[in-house]
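J.: Prediction below, plus the sequence it came from.
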Amino acid sequence: MVNVPNPVALAPPVYGSVPGDLSVRIRRSAEYVAIPFFALAVSALLFSVFLLALGKSPLEFFQLVERGGFGTAFSLQNTLQRSAPLILTALAVAVPARIGLIMIGGEGALVLGGFAAAVLSIPMVGHLPPFPTLCLMATAAMVIGGGWVGIAGYLRHARGVNETISTLLLTYIGIAIMNFFVEGALRDLSNPNKPSTKPLGEAYMVGHIPGTDVHWGLAAGIVLAILLQILMSRTTFGFAVRVCGGNPRAALAQGLPVGKLIVLCAMISGACAGLAGFFEVAAIQGRANASLVAGYGFTGILVSFLARHNPVAIIPVALLFGGIVASGGLIERRMGLPDATVLVLQGLTFLVLLVSETLYGRFAIFRVTGTVERT
Amino acid sequence: MGYSNISRRTLLQGTAAGVIAAASVGRLARAGDVTIGIVYVGPRDDFGWNQAHAVAVKSLKSLPGVKVVEEENVPETDACAKTMESMINLDGANIILGTSFGYFDPFMIDVAKKYAKVEFRHAAPLWNAQKHPKNLGSYFGYLNQAHYVDGVAAGLSTKSNKLGFVAAKPIASVLSNINSFMLGAKSTNPNASVQVIFTGDWSMPVREAEATNALVDAGADVITCHVDGPKVVIQTAESRGVKTCGHNASQAPLAPKGFITGAEYKWETIYKAYAADVAGGKPMPNMMSGGYEADMVQNTAFGAGASPAARAAAEKAMADLKAKKPIYVGPLKDTKGKIVIDKSYDNLDPYLDQMDYLLEGVVGSIT
């Protein structure tokens, strides 16, 4: 997955301010909306066949997805809450992907980030007010998460170690480090049956977005996605990253600091996942323990690939995933289907969306007449 | 059976729980209209912890007026809170049963505060009348009693006098099962010793197989375990030709030759009592726990590995436990020689819930 095109940034570079720019832009963007929707429809159709083969009603299934994922105020908040960590862990994959690296160590950075936040809170709870404590915790989570994945970035640049393998292995090491301390030196002895760090306490927890049941991690994810989109498409840093991703040798020949950019991208990746870990600890669990290892880091890989590593596109894709997972329970309960059914739907959707990538540029309706080149 | 003799701690709850439970009953359209939502952390057919609950829930489905909604593979994150809320909001559940340890704090506590008219019960002894909402509660079975019975039968089944125990984490409930198994074995075979290997986590199939093989290589000829899904341990031991005792649910089908008996929960007793209480408009007890004396644990029907002598001894042990005969009779030393159990403790004594040692007779270390 080298050279991932950025739909928004690539749209009109030639016609910066020429009249007709807008229609070109809309036409181009429409392709990036229509094709995913078409792919979703195809996967729904395929999944219906699967359901019919099982003797279940596809209509009932999709009604339940709607009701369980989006149909009621409760369902919608359920979906939003479940997508919150996915946005952050998907960003952790999307940023290095822009420089041509497939880093899948979000899970480890999430766990270590959350763990660092929980450890930092131990001496502070009761001595510092909640807000500065939480800010410091979030910072610690991002620094530790960033440093952790940064190691893989450095190994890639300095020693040529494959970053996919090293991030995956670092994940297991990270989880083991947390377990080592949580079950040993930092264990809260008042909790004999589930090894955890000392609890934060209710006063120190991150609250909900007013009027909803959703914690602030969702807002943080959306803001960060937009900021990273701007960073990647509107700054010289982002441009340099994309050049490196396109052709590292050419980038080197141009005098770009390739190594520095690789390490920085890896660190941004780790920081995003670390922040997700902070929210897991400070908004959900209230302590660090083995429950931090919930697979968000791995689901984030899927989300990022489906969003074509576009930070802003990650938001709707994460919502779609959150919705499918949120409605999964209702489907399991009402239709008597095993919970793996939802995995089948996820897998089908993933596959069809990937196949649909070959459709880009093939439809005349989206083609812009004139001399605008597709890059 | 009534639940009044099931838990002494029931008395602690006072009248508040009664008022709330009565209110929740009043909300129902008609008496007997009960929807029970149950949440599992793993698959329902894991030959272990989750299956034990699923088997009990299945027996509820046949009761008139009782509807059951189930969800499996729900992790111990906010996903479990959302699943419970979904069961309440979309399925109209009025009893929620959370079966995994990590569901309780903070998730079930928070959801119970939010839905005061729904009754929540959690499968571990964590509920505290002073700290937690009145519509929340705990239920638990003292499985160590059934492990004791396993030990009694195992002691008479071993030729090498070496028994093997594959354990997940060295936490109180696991340690109590290991110690009880050892004491049971010693009661019928004073020369028996139990060697334990900790795998470090609840579900580690590869390490569980390695540990089982290591124990058999070291001479153990009866293997038992305390891990989430004992399937791997039992199958590995069977393939090595040694005898086995089960854990959590029935693993008898996995070991047609060597299965002796197994320690099983009997959640059915508790779940039926809950359903009957709500249907009858009675308050549900906040705390329900017990062992053989309350019909909350049981042993799997004897397999081909159980000799007539082992069966007879195990049946006598069950009768003794029903009559509340204590397992832990002091003075007992830990593996380092320190006296940790000074006197005879009632089988449900809270002191035993804090166990953080292996007793003399167990070979192994918790650090």
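T.: Yep, it's here.
J.: so where's chain B uncertain?
T.: B:1-32, B:367 (pLDDT under 70).
J.: can you map out the helices along it?
T.: Here chain B has its helices, by DSSP state H, at B:16-27, B:49-61, B:78-91, B:109-114, B:144-155, B:172-188, B:205-217, B:231-239, B:267-279, B:308-322, B:350-353.
J.: Got phi/psi on the residue lying closest to B:Asp33 once chain neighbours are set aside?
T.: With sequence-adjacent residues excluded and distances taken as C-beta to C-beta, 6 or more residues apart in numbering or on different chains, B:Asp33 is closest to B:Gly65, at 5.6 Å. Quick note: C-beta positions are derived from backbone N, CA and C, even for glycine. In terms of degrees, to the nearest 10, the main-chain angles of B:Gly65 are phi 80, psi 0.
J.: my guess is B:Gly65 contacts B:Ala276, does it?
T.: No: in this structure B:Gly65 lies outside contact range of B:Ala276 using C-beta atoms under 8 Å: 10.7 Å.
J.: So for the two, which sits in the more crowded spot?
T.: A count of neighbours by other C-beta atoms under 10 Å in any protein chain shown puts B:Ala276 above the other of B:Gly65 and B:Ala276, at 17 against 14.
J.: which residues touch the residue positioned nearest the centre of chain A?
T.: For chain A, the residue nearest the mean C-alpha position is A:Ala90 (1.5 Å; C-alpha atoms, centre = their mean). A:Ala90 makes contact with A:Gly300, A:Ile301, A:Val303, A:Ser304, A:Ala307, A:Ile314, A:Val317, A:Ala318, according to C-beta atoms under 8 Å, 6 or more residues apart in numbering or on different chains.
J.: residues touching the spatially closest residue to the first one that is not a sequence neighbour, list them.
T.: Beyond its immediate neighbours in the sequence, the residue positioned closest to A:Gly300 (C-beta to C-beta, 6+ apart) is A:Thr89, lying 2.8 Å away. The neighbours of A:Thr89, taking C-beta under 8 Å, 6+ apart as the test, are A:Gly106, A:Glu107, A:Leu110, A:Cys272, A:Ala273, A:Ala276, A:Tyr296, A:Gly297, A:Thr299, A:Gly300, A:Ile301, A:Val303.
J.: Save these as JSON lines, and put in neighbour count, pLDDT and secondary structure too.
T.: Shown next, in JSON lines, are those (neighbours: other C-beta atoms under 10 Å in any protein chain shown; pLDDT from 0 to 100; DSSP: H, G, I helix; E, B strand; the rest coil):
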{"residue": "A:Gly106", "neighbour count": "34", "pLDDT": "95", "secondary structure": "helix"}
{"residue": "A:Glu107", "neighbour count": "30", "pLDDT": "96", "secondary structure": "helix"}
{"residue": "A:Leu110", "neighbour count": "38", "pLDDT": "97", "secondary structure": "helix"}
{"residue": "A:Cys272", "neighbour count": "33", "pLDDT": "97", "secondary structure": "helix"}
{"residue": "A:Ala273", "neighbour count": "38", "pLDDT": "97", "secondary structure": "helix"}
{"residue": "A:Ala276", "neighbour count": "35", "pLDDT": "97", "secondary structure": "helix"}
{"residue": "A:Tyr296", "neighbour count": "27", "pLDDT": "93", "secondary structure": "helix"}
{"residue": "A:Gly297", "neighbour count": "30", "pLDDT": "93", "secondary structure": "helix"}
{"residue": "A:Thr299", "neighbour count": "23", "pLDDT": "90", "secondary structure": "helix"}
{"residue": "A:Gly300", "neighbour count": "30", "pLDDT": "93", "secondary structure": "helix"}
{"residue": "A:Ile301", "neighbour count": "21", "pLDDT": "92", "secondary structure": "helix"}
{"residue": "A:Val303", "neighbour count": "27", "pLDDT": "91", "secondary structure": "helix"}
